[in-house]
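Visitor: just a sequence and a predicted model for now, questions to come.
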Amino acid sequence: MNGIHDMGGMHGMGPIEYEKDEPVFHHDWEARTYALSLALRLGGEFNLDAARNAIEQLPPMDYLRMSYYEKWFVRLMNYAILKGAVTASEMETGKPAPGSARAIPGLVADMVPGMIAGGASARRNVIIEPAFAAGQHVRARNMNLAGHTRLPRYARGKSGTIIRDHGVFVFPDTRAHFQGDKPQHVYSVRFDARELWGGDRNPRDAVYLDLWEDYLEPA
Amino acid sequence: MPHDDHQIPPSDPTLRVKALESLLVEKGLVDPAALDVLIDAYEHKIGPRNGARVVARAWVDAAYKERLLRDATAAIAELGYGGSQGEDMVVVENTPDIHNLVVCTLCSCYPWPVLGLPPVWYKSAPYRSRAVMDPRSILREFGLEFADNVEVRVWDSTAEVRYLVLPERPAGSERLNVEQLAALVTRDSMIGVAKVKLP
């Protein structure tokens, strides 16, 4: 979607606000929100693409106003209700509904080190013939989809060069909406700064994006 | 002040998060001890010191550096790092002619196993909006000025590949050992907004 999250190339966002010796979390509730989000996601079929999509669904004003972990907390509450893990009335009272069944946690302490070390690669070990090869000129398709996508607006319709084939990965545009993995090649594509931003840019500068095959066409 | 103030859902995030956590725990959906282990890992164990060891090793070991630039995921795993949000890694090397900068314009993608969780500025609108369009202005804000004949490469983490910058080894560091070198390497230098300097 053409949302407020797609920020590359916007003006007016101001200077970088740098905090020296920044802590990993600024408040205990940020740490708990972070950990709850990861723990709960593991218990269901929620995936990283759906999780990103949920943040993108926030109203633009809220997206800009809220801190990073405030957005995570709103997502967490919405997800808990959406998945039926918690009902709206339980959320209100803060107590499980009388007689409700007790679940088994999807993530217990012993599992955490393995979860961190193992990760959850979006790579798929399937053989798919790549449509493009390193050195080939391509164009990012001009498309404006209402759903989740990882093709930023600033690259659409622009031409670049394939630098490397990263291999086959699940496709976020479908997985975010639980419409399947649609595995396909992801390529590192180099776009000259002048192609993206105009002729006054340094002719040497470039931006590299990792783009799924469905985002690309021959140039 | 209304009498039933305490019945209004708390607006303080501390109370709201606590309330949600205790509800999820009571329902058996979450193991609070798992949350503690997860938080401890990213507060105390996984952070930029990991990435610094990778960088220092690459500086002193040419064969390792070659492996790191060819297959970063495997080379980083040699030092015991990998997993969540670093499943597929690429390392890009700074040289006198090329400077690399990493961003995620769409959200907050960042190589957790080697850098930990990202700082607020990396996830902020100013950085995400400007890094791809005007990286030299970002670099100037961080005190770095590059001549026109230096190529600035910005890596927008749009997919599930995570990027780590291999900064240049500072001149005058020839006599330092790998531990001393690792101590010089900062988080910012591995994102590409700083150079590594001698103290």
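Guide: Looks like it came in fine.
Visitor: what about the strands in chain A?
Guide: Under the criterion DSSP state E, chain A contains strands at A:137-140, A:159-169, A:184-192, A:206-212, A:216-218.
Visitor: from those, which stretch is densest packed?
Guide: Each of the strands of chain A was scored by mean neighbour count; the highest is strand A:206-212, a mean of 27, by mean count of other Cβ atoms under 10 Å in any protein chain shown. Where C-beta positions appear, they are placed from N, C-alpha and C, glycine not excepted.
Visitor: neighbouring strands for it, and are they parallel or not?
Guide: Sheet pairing of strand A:206-212 (DSSP bridges) gives strand A:184-192 (antiparallel), strand B:151-156 (parallel).
Visitor: for the last one, what is the average pLDDT?
Guide: Per-residue confidence for strand B:151-156 averages out to 98 on the pLDDT scale.
Visitor: give me the residues contacting it.
Guide: With Cβ atoms under 8 Å, 6 or more residues apart in numbering or on different chains as the test, strand B:151-156 has contacts from A:8, A:152, A:193, A:202, A:204-210, B:90, B:92, B:97-105, B:131-132, B:135-136, B:139, B:146, B:163.
Visitor: still on that earlier bit, including mean pLDDT, could the strands of chain A go into JSON lines?
Guide: Listed next are those as JSON lines, based on pLDDT from 0 to 100:
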{"stretch": "strand A:137-140", "mean pLDDT": "98"}
{"stretch": "strand A:159-169", "mean pLDDT": "98"}
{"stretch": "strand A:184-192", "mean pLDDT": "98"}
{"stretch": "strand A:206-212", "mean pLDDT": "98"}
{"stretch": "strand A:216-218", "mean pLDDT": "98"}
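Visitor: of those, which approaches B:A19 most closely?
Guide: Closest approach to B:A19 among the strands of chain A (Cβ to Cβ): strand A:159-169, 38.0 Å.
Visitor: re earlier: buried ones among the contacts of strand B:151-156?
Guide: A:8, A:152, A:193, A:202, A:204-210, B:90, B:92, B:99-105, B:131-132, B:135-136, B:139, B:146, B:163 (16 or more other Cβ atoms under 10 Å in any protein chain shown).
Visitor: what's the weakest-modelled helix or strand in chain A?
Guide: helix A:88-93 (a mean of 86; mean pLDDT, DSSP states H and E).
Visitor: can you give me the buried ones in that one?
Guide: In helix A:88-93, counting by 16+ other Cβ under 10 Å, buried: A:E90, A:M91.
Visitor: hang on, the earlier thing: for the strands of chain A, give me JSON lines that also has distance to B:S157.
Guide: Putting these into JSON lines (distance: least, Cβ to Cβ, whole Å) gives the following:
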{"stretch": "strand A:137-140", "distance to B:S157": "16"}
{"stretch": "strand A:159-169", "distance to B:S157": "12"}
{"stretch": "strand A:184-192", "distance to B:S157": "11"}
{"stretch": "strand A:206-212", "distance to B:S157": "7"}
{"stretch": "strand A:216-218", "distance to B:S157": "18"}
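Visitor: and B:L23, which of those strands is closest to it?
Guide: Among those, the nearest to B:L23 by Cβ to Cβ is strand A:159-169 (35.8 Å).
Visitor: so that closest one, near chain B or not?
Guide: Yes: interface with chain B: strand A:159-169 contributes A:H166, A:F169 (Cβ under 8 Å from any Cβ of the partner chain).
Visitor: likewise stretch A:16-28?
Guide: Yes: for stretch A:16-28, a contact with chain B is found by Cβ under 8 Å from any Cβ, at A:I16, A:E17, A:Y18, A:E19, A:E22, A:V24, A:F25, A:H26, A:H27, A:D28.
Visitor: and the helices in chain A?
Guide: Counting by DSSP state H, chain A has these helices, from start to end: A:28-43, A:48-56, A:60-65, A:68-82, A:88-93, A:112-118, A:172-175, A:193-197.
Visitor: with chain B instead?
Guide: In chain B, helices defined by DSSP H lie at B:13-26, B:32-40, B:48-60, B:62-70, B:72-78, B:112-115, B:120-123, B:125-130, B:135-141, B:178-184, B:187-191, listed in chain order.
Visitor: need the winner for burial among those helices.
Guide: It is helix B:112-115: most buried of these by mean count of other Cβ under 10 Å, with a mean of 26.
Visitor: so which elements touch that one?
Guide: Where contact means 3 or more Cβ pairs under 8 Å, 6 or more residues apart in numbering or on different chains; DSSP states H and E, helix B:112-115 is packed against helix B:48-60, strand B:162-166, helix B:187-191.
Visitor: same thing but at 6 Å, please
Guide: helix B:48-60 (3 or more Cβ pairs under 6 Å, 6 or more residues apart in numbering or on different chains; DSSP states H and E).
Visitor: go through the helices of chain B and find the least confident stretch.
Guide: Mean pLDDT per stretch puts helix B:13-26 lowest among the helices of chain B, at a mean of 93.
Visitor: now the angle between helix A:28-43 and it, please.
Guide: 30 degrees (axes from the mean of the first three to the mean of the last three Cα atoms, to 10 degrees).
Visitor: any residues touching helix B:13-26, and which ones?
Guide: A:W29, A:R32, A:T33, A:G94, A:P96, B:P10, B:V30, B:P32 (Cβ atoms under 6 Å, 6 or more residues apart in numbering or on different chains).
Visitor: for B:A63, find the nearest of the helices of chain A.
Guide: For the helices of chain A, proximity to B:A63 was assessed by Cβ to Cβ; helix A:112-118 is nearest, at 25.3 Å.
Visitor: can you point out the buried residues in the closest one?
Guide: Going by neighbour count (16+ other Cβ under 10 Å), the buried part of helix A:112-118 is A:V112, A:M115, A:I116.
Visitor: residue contacts, B:L115?
Guide: For B:L115, counting by Cβ under 6 Å, 6+ apart, the contacting residues are B:P48, B:G51, B:R187.
Visitor: okay, the helices of chain B in a markdown table with distance to A:V74 next?
Guide: Shown next, in a markdown table, are the helices of chain B (distance: least, Cβ to Cβ, whole Å):
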| stretch | distance to A:V74 |
| --- | --- |
| helix B:13-26 | 10 |
| helix B:32-40 | 19 |
| helix B:48-60 | 29 |
| helix B:62-70 | 39 |
| helix B:72-78 | 33 |
| helix B:112-115 | 22 |
| helix B:120-123 | 16 |
| helix B:125-130 | 18 |
| helix B:135-141 | 29 |
| helix B:178-184 | 39 |
| helix B:187-191 | 27 |
